[in-house]
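In: Just to be clear, the model below is a prediction. Sequence and coordinates:
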Amino acid sequence: MSGAATEPVLLPVATAAQVRREVRALLWGRRGALLAAVAVLLAGSAVGLAGPAAIGQIAQAIADRRGAGALAVPVALLAVAALAAAVTTWAGTVLLARVVLPALGQLRERALAAAVGLPLDAVESGGTGDLVARLTGDVEQVGDVVQGVLGRFIGAGLTILATLGGLAVLDWRFAAAGLLALPLQVAALRWYLRTSRPIYAEGRAADGRRAAALLAGFTALPTLRALGLGRRQRDRIAAASQASMEYELRAVRVATRFYGRLNVAEFVGLGAILLVAYLLVRSGLAGIGAATTAALFFARLFDPINVALGVFDEIQQAIAGLGRLVGITRAAPGPARGPDHGETLPQRELAADGVRFGYGDGPDVLHDVTLRVPPGQHVAVVGASGSGKSSLASLLAGLRRPRAGRITAPGGPGRAVALVTQETHLFAGTIADNVRLARPDATAEQVAAALDAVGAGWVAALPAGADCLVGSGGHALTPSQAQQLALARVVLLDPAVVVLDEATAEGGSDAARALDRAAEAVLRGRTAVIVAHRLSQAAGAGTILVMDAGRVVEHGTHADLIAAQGPYARLWAAWSLGRGTSSGSW
Ligand SMILES: Nc1ncnc2c1ncn2[C@@H]1O[C@H](COP(=O)(O)OP(=O)(O)OP(=O)(O)O)[C@@H](O)[C@H]1O
């Protein structure tokens, strides 16, 4: 392993243009519904203008000293407008959620699917933490914004537009006066974002330290008590709590000052409108009614502007989260889906040509490895520990990409190459669920047949049979039983090629024999590469490949290699000698 302590290479983050393209693609199929939602929200905003207009009419009627009858229509309009605005805004928000939530769900599915197909090295170099954070934290953040504030943000934006339009319709000078507030609002927002972000970030870090201090207090309780250190830990927790509270206070102070600045902007805008109204009314260019309406229009902007600016930060963070989500789908796809893995030409044999490989930016661990496995043939790979057998297996299975050279595998529908390693993971669920992972539509009979094929008779003996719960919290399986389930998965998957990496290394002699038989059943009739843990596994294979320090140093049948008196013959002699005394592996 190389000791290069480089920063982890995180998964890519999509650029703004890529995010836009992805969002457009996601929404394109729903554009009709989206347009409808925006139209309804816009209608709601426009209807909302009727309220101030009605009040303006009332003011005008009073100024003109008309009778009470003249108020009937504007008052009725006021009531109807309020109702209509409420209904349309509600309908628009619901419609918008119906469009955006399924789109987000689709993006999450695509990101998940991409994550599952990521090349192992991409995940390893970025750290699984990055991937998990994106699939949980970022999805949650984007989802919260989409469900919570997006509708309000769009509604507020449309209300601002409609109101500015209303002001301009009354008199363009009203709109111009109102726009005086804009530069002040922009400056306030920029100041707020600049000042609040570091406070929020440090606040989150302080929260983390508080949680860590608390946790340490709990886990180390017996030690702390025994040594009489409880008070010191309590002081530490108190200090951490104090620190995170101070950040919270600072955040509140900044927010208060932000809204104070917005109020100044509103004061400037409203003052300008009143001044313009005064001048227009005095010169007879506008009536009292229009002036009242203009002032009310502008006052009506306060709310949506506060909403829009208040959630701006959240929306920006959600856009950043979206970039990280889309970034997963942009990460280079694994070689199993690349053209070299048999997509272009129907390829029958599994082959490696001049393959060079190493981990991360470490040294090469495979040098110029070439091998061919004709259809239906079995090749066993043997060699001392660290000679590169497992690395070669993961390359052949398409889990990792070579630095140079090519891996070619039989093409065809479905997953053509299955890798079985001893690291089998059991998912929480029934035994049948675990086997069915390979083929979700498999019937109970097919699952039973697959279990039968690998000799997992013990399943039928369980009280619940294949419906027995396993995985975290479920019935505990022995490593070799878990291995059998992994092999049963392969039977269901029915791949053309199987790469078996020490699948039978687990267990004592009885279990090992059972696994050997299971592996034989799985390999029968398929092209296979077997990383042989015990030489007896290799002896039966058509071709044996001997590896040493990342190179293929010998290959041939068992008899050929014994006769050649080379490295394999030496391994065989050593292994045969130790067979009686050790567990059987070298
Ligand atoms: N994930 C990894 N990151 C970095 N180096 C690795 C990694 N896995 C293996 N190596 C290195 O690659 C070389 C080949 O290891 P590999 O596991 O392929 O050998 P092997 O023949 O399968 O050994 P064993 O029989 O012990 O499993 C070794 O030097 C090993 O230290």
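Out: Alright, I've got the coordinates.
In: Next up, the contacts around residue 549.
Out: Applying Cβ atoms under 8 Å, 6 or more residues apart in numbering to residue 549 gives the contacts 387, 388. For every residue, glycine as well, the C-beta is placed using N, CA and C.
In: mind showing which ranges of the protein have poor pLDDT?
Out: Within the chain, the set of residues satisfying pLDDT under 70 comprises 1-11, 117-130, 133, 331-348, 411-416, 472, 502-509, 578-586.
In: For the residue most central in space within the chain, give me its contacts.
Out: A centroid search over the chain (Cα atoms, centre = their mean) returns residue 135, at 2.4 Å, as the residue closest to the centre. Neighbouring residues of residue 135 by Cβ under 8 Å, 6+ apart: 108, 111, 112, 115, 328.
In: and the helix or strand hosting the last one, which residues are buried?
Out: I take that to be residue 328. Here residue 328, judged by DSSP states H and E, is contained in helix 312-330. Using 16 or more other Cβ atoms under 10 Å as the test for burial, helix 312-330 gives 314, 317-318, 321-330.
In: ok, those vs the ligand, which is closest?
Out: residue 328 (21.7 Å; Cβ to the nearest ligand atom).
In: Which residue comes closest to that closest one once chain neighbours are left out?
Out: residue 111 (4.5 Å; Cβ to Cβ, 6 or more residues apart in numbering).
In: can you pull the buried residues of stretch 458-473?
Out: In stretch 458-473, counting by 16+ other Cβ under 10 Å, buried: 459, 466, 470, 471.
In: would JSON lines of these with distance to the ligand be doable?
Out: What follows is these, written out as JSON lines (distance: Cβ to the nearest ligand atom, whole Å):
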{"residue": "459", "distance to the ligand": "29"}
{"residue": "466", "distance to the ligand": "32"}
{"residue": "470", "distance to the ligand": "26"}
{"residue": "471", "distance to the ligand": "25"}
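In: Keep only those of the residues you listed that are in strands.
Out: residue 470 (DSSP state E).
In: Can I get stretch 563-574 in PDB? Just the C-alpha atoms.
Out: Provided in PDB are the C-alpha atoms of stretch 563-574 (Å, rounded to 0.1, in the frame of the first residue of the first chain):
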ATOM      1  CA  ALA A 563       5.900 -32.100 -14.900                       C
ATOM      2  CA  ALA A 564       7.500 -28.700 -15.500                       C
ATOM      3  CA  GLN A 565       8.900 -28.700 -12.000                       C
ATOM      4  CA  GLY A 566       8.300 -24.900 -11.700                       C
ATOM      5  CA  PRO A 567       6.600 -22.700  -9.100                       C
ATOM      6  CA  TYR A 568       3.300 -24.600  -9.200                       C
ATOM      7  CA  ALA A 569       5.100 -27.900  -8.600                       C
ATOM      8  CA  ARG A 570       6.800 -26.400  -5.600                       C
ATOM      9  CA  LEU A 571       3.500 -25.000  -4.300                       C
ATOM     10  CA  TRP A 572       1.900 -28.400  -4.800                       C
ATOM     11  CA  ALA A 573       4.600 -30.200  -2.900                       C
ATOM     12  CA  ALA A 574       4.500 -27.800   0.000                       C
END
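In: which residues touch that stretch?
Out: By Cβ under 8 Å, 6+ apart, stretch 563-574 touches 382, 384, 535, 544, 546, 548, 553, 554, 556, 561, 562, 586.
In: So the fourth one: helix, strand or coil?
Out: Think residue 544. What DSSP: H, G, I helix; E, B strand; the rest coil gives for residue 544 is strand.
In: who touches it in this structure?
Out: 379-382, 532, 538, 554-558, 561, 568.
In: Which one of the contacts of residue 135 is nearest to the ligand?
Out: For the contacts of residue 135, the nearest to the ligand is residue 115 (19.1 Å; Cβ to the nearest ligand atom).
In: so that closest one sits right up against residue 131, yeah?
Out: Yes: counting by Cβ atoms under 8 Å, residue 131 is a contact partner of residue 115 at 5.7 Å.
In: And this protein, split by domain according to the record?
Out: 11-170+315-333, 172-285, 339-578 (automatic domain parsing).
In: closest one to residue 307 among these?
Out: Residue 307 sits nearest to domain 11-170+315-333 of all the domains of the chain, at 4.3 Å, using Cβ to Cβ.
In: how about that closest one against the ligand, any contact?
Out: No: using Cβ under 6 Å from any ligand atom, domain 11-170+315-333 stays clear of the ligand, with a minimum separation of 7.0 Å.
In: So that it lines up with my notes, have the first residue be 44 from now on.
Out: In the new count, where the first residue is 44, that last one comes out as domain 54-213+358-376.
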